[in-house]
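S.K.: Here is my input, please return the structure:
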Amino acid sequence: MQVMRILRKELQDYFVSPIAYIVISIFLLVTGWFFFSTFFIFGQASLRNFFSLLPIVFSFIVPAVTMRLFAEEIKVGSYEIILTMPVTFRDIILGKFFAGVTLIAAMLVPTLAYPVSISFIGTVDWGPVAGGYMGALFLGAAFAAVGIWASSVTRNQIVAFIVGTVICFALALIDKMLIFFPRGIVNFIAFFGADYHFQNIAKGVVDSRDVLYFLSVMFIGLYATYMTLHSRN
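M.R.: Prediction:
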């Protein structure tokens, strides 16, 4: 019950301020450009570019969504007021986390126009499309957990954004830098790449190892936030 109240409060704060509209607009402009440039310039009706670049785009967009969740309240002092209410750290963290994930899902909804538009001029394999959007939700939720932790360690939203972006960007690109690692640990390092697991799901094949990866990142991010708030308190 308390989680739902915090969720509603955070969503209201998102859409009362211009943050949600700015972030969603930037996301749609960037992804729309990649999709329509492929569509009109190269004459390819494909979602390949959209899904291949989504981890990089999310590395910047998701921390922008989560940067204010704790940092702003710590800065203005409303965080202390929340602690006087009958809520637990778990309620606060989960409420804010689900609010961030809900906004990410709202960002993805308009992009459903991309596969629909392709279906009018060609054949769409809806299996990979469904897998891509499922993977996008897992990816967004994992990055949201990282961003929430980054927001909990500082009272400055810009610092929270930078810290969250650096970590998410590293997770998105680590499997692209395997040539810098010894051959014996390449497979081990590749497992930590968010893009590697996202692309597996985006192919329409849901592997338990990929799902476990995203759930693990979510758990680590949220648990780290829990420990940070405890130490701050």
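
S.K.: How many neighbouring residues does residue 25 have?
M.R.: 12 (other Cβ atoms under 10 Å). The C-beta positions use only the backbone N, C-alpha and C, and glycine is treated the same way.

S.K.: Can you tell me the SS state at residue 113?
M.R.: When classified by DSSP: H, G, I helix; E, B strand; the rest coil, residue 113 comes out as helix.

S.K.: can you tell me how far it sits from residue 31?
M.R.: Counting by Cβ to Cβ, to the nearest Å, the separation of residue 113 from residue 31 is 11 Å.

S.K.: more neighbours, the two?
M.R.: Taking other Cβ under 10 Å, residue 113 and residue 31 do not tie; residue 31 has more neighbours (22 against 12).

S.K.: element containing that one?
M.R.: Per DSSP states H and E, residue 31 falls inside helix 19-36.

S.K.: what packs against the strand or helix carrying residue 143?
M.R.: Following DSSP H and E, the helix or strand that holds residue 143 is helix 126-152. In terms of contacts (3 or more Cβ pairs under 8 Å, 6 or more residues apart in numbering; DSSP states H and E), helix 126-152 is packed against helix 48-66, helix 68-76, helix 89-108, helix 157-173, helix 194-202, helix 208-232.

S.K.: Please identify the most buried of those helices.
M.R.: Ranked by mean neighbour count under mean count of other Cβ atoms under 10 Å, the helices and strands packed on helix 126-152 are led by helix 194-202, which reaches a mean of 24.

S.K.: what does that one rub up against?
M.R.: 51-52, 54-55, 128, 131-132, 134-136, 138-139, 142-143, 168, 171-176, 190, 207, 209-211, 213-214, 217 (Cβ atoms under 8 Å, 6 or more residues apart in numbering).

S.K.: Take the helices and strands packed on helix 126-152 and write them to CSV, including distance to residue 118.
M.R.: Formatted as CSV, the helices and strands packed on helix 126-152 follow (distance: least, Cβ to Cβ, whole Å):
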stretch, distance to residue 118
helix 48-66, 10
helix 68-76, 35
helix 89-108, 16
helix 157-173, 25
helix 194-202, 15
helix 208-232, 25
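
S.K.: wait, which of those helices is closest to residue 21?
M.R.: Proximity to residue 21 (Cβ to Cβ) singles out helix 89-108 among the helices and strands packed on helix 126-152, at 10.8 Å.

S.K.: For the closest residue in space to residue 222 that isn't next to it in sequence, which residues are in contact?
M.R.: Excluding the flanking residues, the one nearest residue 222 by Cβ to Cβ, 6 or more residues apart in numbering is residue 145, at 5.1 Å. Residues near residue 145 by Cβ under 8 Å, 6+ apart: 97, 217-222, 225.
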